[in-house]
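Colleague: Attaching a predicted model along with its sequence, questions to come.
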Amino acid sequence: MSDRIILPPPPRVPGLGPIAAAALFLDFDGTLVEIAPRPDAVEVPDHLPDLLHRLTEGLGGALAIVSGRALGELEQFLPVPIPMAGDHGATLRPDPLQPPTLPSLPSPPEAWRARADALVAKHPGALVEDKTHGFVIHYRQAPELGPEAAALLASMVAEDPLAFTLLEARMAWEIRPRGASKATAVRALMAAAPFAGRTPVFIGDDVTDEEGMDAARSFGGQGWRLDDMFGTPQVLRDWLAEAATGR
Ligand SMILES: O=P(O)(O)OC[C@H]1O[C@H](O[C@H]2O[C@H](CO)[C@@H](O)[C@H](O)[C@H]2O)[C@H](O)[C@@H](O)[C@@H]1O
C-alpha cells in the first residue's frame, strides 16, 4: 500500500492547513451518507465504497469506519476490505482480512427488549433495532415517542448502571454496554500499525462521535464535526474524492 495522501484543509476552515501522515476515522450515518427515514433506507452512493478503498490504500491502510451500526450492516453498505469498528466500538475489525475481535461485554436482559417492543408497538412507525450488546428505539417516524422512549430506557439502565449506559442518537435512544465506545475503538486502532504514530482525524456528525473526536485529539489529532467543517455528507464525499487524488 502506498502512503501518498496528504489531507487537504476542510472547505469551511481553509486556514487549517494540510495534514500529512494522517489516520482517518469516519462515522457512517449522517456523515458519509445522508440521514434516511429508517436505518434500512440509507442510500450509499455507487462510487463511495471504491472511493473509501482507494483512500485507505493511499493512506497506507490508515482509514477506518467507526460507527454505531453493527459490523454486518456496515459490511453490506460498504462491501470493501477496509478497517471497521461497529456497535460503537464493541466490534473491531482492524484487519479486513481477519475475523473481527469481540471484547467481552454484557448484553441486556431479554425482558428489557420485550418492554421496548411493547412500547414501540403502541407507536406506528417507531422501531427497535438490535445491536450485538444492546438495542435502539428509533422514533424518527413517531416523534411523540421520544420522551417516553428515553424514560423507559433510562429506567432499565438504572437497574444495572455499572453494566449499561444510555446513549442519545439522532431521533433514537440506545442502550449500550459500558466499556465500549468510539473512543475505545480509536484507541485500540491507534495502538498498532498502520494507525500507530499517525495524526488521527475523526469526522462525525453526532453526539455519539464526540468521544471518538476527543480520543483523536488525545493523540495530537483532530475531531471535526461535519456541520462545522463540511456542512453536508455530499461536501465531505467531494473532499474525500479530492484527497484520494493525492494532489
Ligand atoms: O455511528 P453512526 O454510523 O453515525 O450510526 C449512528 C446510528 O445510525 C443509525 O441511525 C441513524 O440513522 C438512520 C438512517 O439514516 C436514521 O433513520 C436514524 O434516525 C438515526 O438515528 C443506525 O440505525 C444506528 O444503529 C446507529 O447507531
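Modeller: Arrived safely, thanks for sending. Numbers count the residues shown, from 1 in each chain.

Colleague: Near the closest residue to the ligand within the chain, how many other residues are there?
Modeller: Using Cβ to the nearest ligand atom, the closest approach of the chain to the ligand is made by residue 68 at 2.5 Å. All C-beta spots, glycine's among them, are computed from the backbone N, C-alpha and C. When neighbours are counted by other Cβ atoms under 10 Å, residue 68 registers 28.

Colleague: where does the closest residue to it other than its chain neighbours land in three-state SS?
Modeller: With sequence-adjacent residues excluded and distances taken as Cβ to Cβ, 6 or more residues apart in numbering, residue 68 is closest to residue 88, at 4.8 Å. Using DSSP: H, G, I helix; E, B strand; the rest coil as the criterion, the local structure at residue 88 reads helix.

Colleague: follow-up on the earlier one: ok, the residue of the chain closest to the ligand to residue 61 distance?
Modeller: Remark: distance between residue 68 and residue 61 (Cβ to Cβ, to the nearest Å) = 23 Å.

Colleague: Ok, residue 26 next?
Modeller: 14 Å.

Colleague: can you list contacts of the helix or strand residue 119 falls within?
Modeller: In the assignment (DSSP states H and E), residue 119 maps to helix 110-121. Applying Cβ atoms under 8 Å, 6 or more residues apart in numbering, the external contacts of helix 110-121 come out as 126-128, 130, 135, 137, 145, 148-149, 152-153, 156, 175.

Colleague: which pair in those residues spans the largest distance?
Modeller: 130 and 148 (20.0 Å; Cβ to Cβ).

Colleague: neighbour-wise, which of the two wins?
Modeller: Legend: neighbour count by other Cβ under 10 Å for residue 130 and residue 148, higher for residue 148 (17 against 10).

Colleague: sec struct for the more buried one, please.
Modeller: Residue 148 - assigned by three-state DSSP - is helix.

Colleague: For residue 135, see how far away the closest residue in space to it that isn't next to it in sequence is.
Modeller: Take residue 148 and drop its neighbours on the chain: the residue closest to it by Cβ to Cβ, 6+ apart is residue 119, 6.6 Å away. Residue 119 is 12 Å from residue 135, where distance means Cβ to Cβ.

Colleague: Need the pLDDT of the residue nearest to residue 148.
Modeller: pLDDT, residue 119: 98.

Colleague: what sits up against stretch 5-25?
Modeller: Stretch 5-25 has contacts (Cβ under 8 Å, 6+ apart) with 3, 55, 58-59, 62-64, 66, 185-186, 189-190, 194-195, 197-203, 212, 216, 221-222, 224, 228-231, 235, 239, 242-244, 246.

Colleague: And the residue most central in space within the chain, what's its pLDDT?
Modeller: Centroid-nearest residue in the chain, with Cα atoms, centre = their mean: residue 67, separated by 2.0 Å. Predicted confidence (pLDDT) for residue 67: 98.

Colleague: try the one 5 residues further on
Modeller: In the predicted model, residue 72 carries a pLDDT score of 93.

Colleague: mind listing the helices for the protein?
Modeller: Taking DSSP state H as the test, the helices found in the chain are 48-58, 71-77, 110-121, 146-159, 182-190, 210-218, 226-229, 233-244.

Colleague: Counting by contacts, list what the fourth one packs against.
Modeller: Judged by 3 or more Cβ pairs under 8 Å, 6 or more residues apart in numbering; DSSP states H and E, helix 146-159 is in contact with helix 110-121, strand 134-138, strand 164-169, strand 172-177.

Colleague: Look up the closest residue to the residue nearest to the centre of the chain, ignoring the ones flanking it.
Modeller: residue 28 (4.0 Å).
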